[in-house]
Structures are given as structure tokens and as C-alpha cells.
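Chemist: have a look at this fold, sequence not included:
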């Protein structure tokens with residue numbers, strides 16, 4: 001009879017076909033999630049014209065989905081620690097796809113807000129659970145890269161939203177952009193069939209037979225005897241509570257991550273909501289303004305994958321600090337109305353270092369907390385970040401209504417990136433000290 005630690009097996013083993021399936025399925029889910037988030041920015045100029053909205057009203061309209069995301073992250077993260085990540089993902093996916101579809105039937109701003117709120121609930125719940133699941137099945141040496149690769153699906157969804165917006169909105173209006181959500185609903189049975197449950201969750205629940213079937217797919221050459229027991233060891237056992245996030249000398253790092261999440265998501269949703277409208281008012285054509293949203297998300301995908309690769313080699317905190325500094329510079333320079341080619345380059349860099357950095361922050365949170373509170377940690381970090389996401393579009397609407405010079409607006413937009421860089425610098429120093437202290441204790 002043996003106790004077999006599946007965590008050690010995953011960390012020491014190859015990244016096989018089973019893990020690639022998890023990456024592909026989670027990335028597919030996040031394509032749909034990303035589409036739902038960024039479709040709002042593509043339709044905003046049309047909604048302003050059709051419903052006669054002021055800029056502050058438009059910013060508030062966008063904030064309702066983000067308000068829902070905050071609650072979704074806070075509810076579905078801890079819930080999944082209790083009912084399983086697969087169920088948490090399925091509920092979240094069903095909720096936001098149905099609500100997005102219904103948004104296309106909205107005829108008033110109030111109806112639009114209501115449907116977007118429920119869509120936000122689902123979006124907010126999906127992301128932390130998908131990250132936690134991928135983090136569990138990826139070997140430690142590849143964890144940052146695989147989580148970033150999976151999360152690049154979020155940026156692909158944004159590019160799909162921008163591409164469809166260019167083709168559909170001028171000819172058919174904004175409503176078909178939401179009717180597209182009917183297509184992903186057809187994927188749900190396939191996802192539920194193929195997506196595995198958290199192995200650690202199954203073991204904690206005493207579901208040894210189900211865990212053994214998944215283990216056989218991870219390590220097909222391994223042989224389990226009838227008396228063998230699968231275990232998932234951790235340095236510390238813990239309950240899924242917010243208090244646990246501040247124990248074991250994690251308080252400062254938890255707070256700094258929350259600050260970075262707040263500022264980063266503020267930037268992501270500020271840019272995704274207002275960039276097309278601001279560029280149209282600055283004199284760029286409608287097609288060019290929507291292409292900027294495509295460039296923003298393409299940069300986010302490239303930045304996440306490159307950042308994950310760099311983070312696995314040099315440490316995620318160092319990479320994140322560098323990304324935020326680049327974000328501040330690129331966002332500030334957008335305000336100087338460069339030529340179209342330079343504009344797309346700056347927007348690409350801004351996307352790489354805001355959307356891409358958001359993905360790296362999720363990976364940083366997943367690496368900070370152990371399994372039993374990982375979804376809770378991801379849910380609360382994402383929930384705090386959603387407060388920034390709510391502030392972003394609202395702040396953008398208020399600032400733009402004041403009709404400040406374009407350069408001044410973008411200089412203000414760059415401030416959260418500098419705050420995030422400082423917060424992650426403090427996080428990196430604290431993390432290095434804790435690691436050094438742990439190594440000395442072992443020695």
C-alpha cells in the first residue's frame with residue numbers, strides 16, 4: 001500500500017496530451033468570456049448616438065457588467081472551493097452566455113444594465129476558477145507559461161469582438177453583436193464532457209475512483225495497485241476563508257496584489273470601453289478606432305504569452321513591474337495623436353502591458369496561495385480588481401465629459417500603471433525576503 005502524491009507527479013512529469021486538453025478547453029471558455037467583456041466597447045459609440053447618452057451615463061452603463069463581475073468573482077471563487085471547479089465553471093459559463101444573448105433584446109438603457117449585470121456575474125466567476133484549474137494541472141516549472149497561454153483566449157475574444165464589430169455594426173447595428181452569444185451555448189455539453197474536475201478537490205472529497213481515472217490520464221505509464229491511495233499534499237492545510245489569505249506572512253503581499261489588480265483592471269476596462277470613442281473624437285476614422293481595440297487585444301495575447309515565458313525564467317513579480325512601467329509610458333504617448341501606424345504600435349504595447357499583465361497577476365495569485373484557498377484567493381483578488389474595473393469606465397466618462405486636452409487625459413490614464421508598478425515592486429521585495437527566509441530555515 002502506498003500514498004502517491006499527485007502534486008509531485010504533476011510537477012515532475014511531462015506536460016502531456018491531457019494537460020494540453022485542459023489548456024485548450026479553458027482557453028476556449030475564455031475566448032467567449034473575453035468576447036463578452038470587450039463587445040461593450042465596440043457598441044458604446046452606437047449606444048451613445050442611439051439612446052442620446054452623455055459620457056458619464058455611458059460610463060455608468062458599462063459599469064453594470066463590471067459590477068456584476070465583482071460579485072461573481074467573490075461568490076463563485078469560494079463556492080467552487082466547496083462544490084468543485086468544474087461545476088463553478090459550468091454555472092458561470094451558462095449564466096453569462098444566456099445573459100449576453102438576452103442583452104441583444106434590450107430596448108432601453110435600464111434593460112441593458114440588467115442583462116449586463118447578470119452577464120458580469122458569470123464572467124467574474126469563470127476567470128478565477130479557470131485559472132485555478134489550469135494552475136493545478138500544470139507542472140510548477142511551466143505554470144506561468146501555461147496559465148498565460150490559456151488566458152490568451154481572453155484576448156482572442158476581444159479581437160473577435162473588434163473584428164465582428166467592424167463587419168456587423170455599420171450594416172446591422174449593435175444588437176447582432178450580442179446574438180452571437182447563442183453559438184457558445186452549443187459548446188457547453190462538449191465542455192462539460194471533456195473538462196476534468198480538480199484532482200485535488202476529488203481527493204479531498206474522498207472520490208478516489210474518479211481521481212484514479214484522471215491520474216491514469218496524467219501518468220498513463222504508471223501502475224496503481226488496489227491498495228494505493230492518491231493524496232494531494234500541501235505545506236499547510238487551510239479552510240477556504242478570506243482570513244487565511246492574510247496568514248503565514250502573506251498579508252503585505254496580498255494587499256499589494258489587490259492594489260495591482262485594482263489599478264490594472266481599471267486600465268483594462270477604461271481602455272476597452274473608451275478607446276474607440278476617444279479616437280473617433282480625435283479624428284481617426286471609425287474603422288481605425290475599432291482596429292485599435294483589435295490591436296489592444298492582440299497586444300494582450302502576445303504580452304501574456306511572452307510574460308508567462310519570461311516569468312517562468314526570471315520570476316513573475318520582476319516581469320510584472322517592468323510591464324507596468326511600459327504601460328505607463330505607452331498610454332501617456334497615445335495622447336499625442338501619433339500617425340495611425342505609431343498609434344497601433346502604442347496601443348499594442350498598452351494591451352500587452354495591461355491585458356497581458358492582468359493575466360500575469362492571476363498567475364501570481366495562483367502561485368502565492370495553496371490549493372485549499374487558491375480559488376478563494378483568486379476570487380477575492382479578482383473581486384477587488386473588479387472595483388477598479390467599475391471605476392475605469394465611470395472615471396473615463398467623467399474625465400472626457402470635462403473636455404480636457406487629449407494629452408492630459410492620457411497622462412491621467414497612465415497614473416494607475418505607475419501605482420501598480422510600485423505595488424508590485426513592494427510585492428517582489430517581500431516575496432524575495434520570504435523565499436530567502438524559507439531557504440535559510442531549511443538549511
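Modeler: Nice, thanks for sending it over. Predicted model, so just to flag it, every value in this text is computed and none were measured.
Chemist: and the biggest helix by length in the chain, what's buried?
Modeler: Criterion DSSP state H: the longest helix present in the chain is helix 406-442. For helix 406-442, the neighbour count (16 or more other C-beta atoms under 10 Å) marks 406, 409-414, 416-421, 423-428, 430-431, 434 as buried. Any C-beta I mention is one placed from the backbone N, CA and C, and that applies to glycine too.
Chemist: what mean pLDDT does it get?
Modeler: The average pLDDT for helix 406-442 rounds to 86.
Chemist: report how many residues lie close to the residue lying closest to residue 276 once chain neighbours are set aside.
Modeler: In this structure, residue 276 finds its nearest non-sequential neighbour in residue 289, 4.1 Å apart by C-beta to C-beta, 6 or more residues apart in numbering. Residues near residue 289, counting by other C-beta atoms under 10 Å, number 23.
Chemist: element containing residue 289, please.
Modeler: Following DSSP states H and E, one finds residue 289 within helix 286-314.
Chemist: what do you get for residue 230?
Modeler: Assigned by DSSP H and E, residue 230 belongs to strand 229-231.
Chemist: elements contacting that strand?
Modeler: Strand 229-231 is packed against strand 3-5, helix 199-204, helix 208-218, with contacts defined by 3 or more C-beta pairs under 8 Å, 6 or more residues apart in numbering; DSSP states H and E.
Chemist: now the last one: buried residues?
Modeler: When neighbours are counted by 16+ other C-beta under 10 Å, the buried residues of helix 208-218 are found to be 210, 211, 212, 214, 215, 218.
Chemist: what of the shortest one?
Modeler: Buried residues in strand 3-5, counted by 16+ other C-beta under 10 Å: residue 4.
Chemist: other residues contacting whichever helix or strand comes after that strand?
Modeler: Sequence order places helix 6-12 as the next helix or strand after strand 3-5, per DSSP H and E. By C-beta atoms under 8 Å, 6 or more residues apart in numbering, the list of residues contacting helix 6-12 from outside reads 136-141, 199-200, 203, 211, 215, 218-219, 222, 230-234.
Chemist: and the next helix or strand after helix 6-12, what's buried?
Modeler: Using DSSP H and E, the helix or strand that follows helix 6-12 in sequence is helix 17-51. Using 16+ other C-beta under 10 Å as the test for burial, helix 17-51 gives 18-19, 22-23, 25-48.
Chemist: quick check: buried residues in whichever helix or strand comes after helix 17-51?
Modeler: Moving toward the C-terminus from helix 17-51, the next helix or strand (DSSP H and E) is helix 55-83. By 16+ other C-beta under 10 Å, the buried positions in helix 55-83 come out as 55-81.
Chemist: which elements pack onto helix 55-83?
Modeler: Using 3+ C-beta pairs under 8 Å, 6+ apart, helix 55-83 sits against helix 17-51, helix 85-103, helix 109-137, helix 251-281, helix 371-401.
Chemist: what's near enough to touch residue 251?
Modeler: Counting by C-beta under 8 Å, 6+ apart, residue 251 has no contacts.
Chemist: quick one: low-confidence parts of the stretch 201-350 of the chain?
Modeler: Along the stretch 201-350 of the chain, the parts satisfying pLDDT under 70 run over 222, 233-240, 286.
Chemist: let's see it at 90
Modeler: Along the stretch 201-350 of the chain, the model assigns pLDDT under 90 to residues 201-251, 269-294, 297, 300-301, 304-317, 335-341, 343.
Chemist: if I look at the spatially closest residue to residue 416 that is not a sequence neighbour, how far off is residue 418?
Modeler: Among residues not flanking residue 416 along the chain, residue 263 sits closest, at 3.8 Å (C-beta to C-beta, 6+ apart). Residue 263 sits at a distance of 9 Å from residue 418 (criterion: C-beta to C-beta, to the nearest Å).
Chemist: quick revisit: which one of the buried residues of helix 208-218 is nearest to residue 89?
Modeler: Taking C-beta to C-beta as the measure, residue 89 lies nearest residue 214 of these, at 15.8 Å.
Chemist: if we can go back for a sec, the residue nearest to residue 276 is in contact with residue 279, isn't it?
Modeler: Yes - counting by C-beta atoms under 8 Å, residue 289 touches residue 279, with 4.1 Å between them.
Chemist: what is the host helix or strand of residue 361 packed up against?
Modeler: If you go by DSSP H and E, residue 361 is part of helix 340-368. Applying 3+ C-beta pairs under 8 Å, 6+ apart, we find helix 340-368 packed against helix 109-137, helix 143-172, helix 251-281, helix 286-314, helix 316-334, helix 371-401, helix 406-442.
Chemist: so for residue 356, which of those sits nearest?
Modeler: Nearest to residue 356, of all the helices and strands packed on helix 340-368, is helix 286-314, at 2.5 Å by C-beta to C-beta.
Chemist: thinking again about what came up before, turn the helices and strands packed on helix 340-368 into a markdown table, including distance to residue 90.
Modeler: Output for these, formatted as a markdown table (distance: least, C-beta to C-beta, whole Å):
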| stretch | distance to residue 90 |
| --- | --- |
| helix 109-137 | 10 |
| helix 143-172 | 17 |
| helix 251-281 | 24 |
| helix 286-314 | 25 |
| helix 316-334 | 29 |
| helix 371-401 | 15 |
| helix 406-442 | 33 |
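Chemist: buried ones in stretch 272-290, by neighbour count?
Modeler: Buried residues in stretch 272-290, counted by 16+ other C-beta under 10 Å: 272-280, 284, 286, 288-290.
Chemist: against residue 67, how distant is the residue nearest to residue 276?
Modeler: On the measure of C-beta to C-beta, residue 289 and residue 67 end up 26 Å apart.
Chemist: residue 83 too?
Modeler: From residue 83 to residue 67 the distance is 24 Å (C-beta to C-beta).
Chemist: now residue 120
Modeler: 6 Å.
Chemist: kindly report the same for residue 351.
Modeler: On the measure of C-beta to C-beta, residue 351 and residue 67 end up 24 Å apart.
Chemist: check contacts around the closest residue to residue 208 other than its chain neighbours.
Modeler: Of all residues not flanking residue 208 in the chain, residue 230 sits nearest, at 6.3 Å (C-beta to C-beta, 6+ apart). Listed by C-beta under 8 Å, 6+ apart, the contact partners of residue 230 are 3, 4, 6, 199, 203, 208, 211, 212, 215.
Chemist: between these, which is nearest residue 342?
Modeler: Within these, proximity to residue 342 (C-beta to C-beta) peaks at residue 199, which comes in at 47.9 Å.
Chemist: surely the closest one and residue 132 touch.
Modeler: No - between residue 199 and residue 132 there is no contact under C-beta under 8 Å: 11.9 Å.
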